[in-house]
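> Sharing a model prediction with you, sequence too.
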Amino acid sequence: MNLREVLTEAFGRVPESVKATLDGLDDHQLTHRPTPDANSIAWLVWHLSRVQDDHLADAFGTTQVYVEAGFAERFVAHFDHAVDDIGYGHTSEQVAAVRAPAALLGEYLDVVHARTVELLTEVSDADLDRVVDERWDPPVTLGVRLVSVLHDDLEHAGQAAYVRGLL
């Protein structure tokens with residue numbers, strides 16, 4: 001395996017896990033919160049997709065599929081939020097407001113994943129050292145950003161699976 005194949009394989013685990021979690025869930029189950037301040041499956045899946053879309057679009061200098069493919073408008077039909085909202089720092093009330101059907105959540109993640117795979121086809125070893133975010137000390141490289149997004153996605157996918165198990 002080469003670098004691109006490893007990254008593609010790793011990112012491919014996210015939609016596999018999420019699809020298994022979403023399978024057969026209704027709107028009530030998607031918005032269930034085990035405790036009043038816990039995250040719901042709907043919020044976790046929406047958030048992990050938004051983070052991947054937002055962070056990789058920024059790192060590669062592309063437009064987010066959330067906007068480009070019309071998902072922002074489709075999600076706004078289910079809950080009110082700003083187009084640039086990715087869920088970071090959401091209050092308990094904002095988490096509770098995230099309501100979307102499993103089909104829409106899965107479709108968005110599929111399109112984000114397809115874009116991710118497309119972007120990864122161009123990544124070389126040298127690209128991993130390219131600084132993509134200077135707001136941190138030390139500045140964040142593409143390699144660190146990819147690992148960070150993947151880590152965040154897999155944690156949230158696991159949390160969503162756990163919540164499903166509690167149902």
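Received, thanks.
> For residue 38, which residues are in contact?
Neighbour list for residue 38: residue 163 [criterion: C-beta atoms under 8 Å, 6 or more residues apart in numbering]. Where C-beta positions appear, they are placed from N, C-alpha and C, glycine not excepted.
> any idea how far residue 16 is from it?
Look at residue 38 and residue 16: by C-beta to C-beta, to the nearest Å, they are 24 Å apart.
> Look up the closest residue to residue 131, ignoring the ones flanking it.
residue 139 (4.5 Å; C-beta to C-beta, 6 or more residues apart in numbering).
> Quick check, pLDDT for that neighbour.
On the pLDDT scale, residue 139 is placed at 96.
> Number of residues surrounding it?
If you count neighbours by other C-beta atoms under 10 Å, residue 139 ends up with 11.
> Residue 130 is in contact with that one, correct?
No - the pair residue 139 / residue 130 is not scored as a contact, 10.1 Å apart, by C-beta atoms under 8 Å.
> In three-state terms, label residue 13 for me.
helix (DSSP: H, G, I helix; E, B strand; the rest coil).
> so who does the closest residue to it other than its chain neighbours touch?
Closest residue to residue 13 apart from its sequence neighbours, by C-beta to C-beta, 6+ apart: residue 154 at 6.7 Å. By C-beta under 8 Å, 6+ apart, the residues touching residue 154 are 13, 14, 17.
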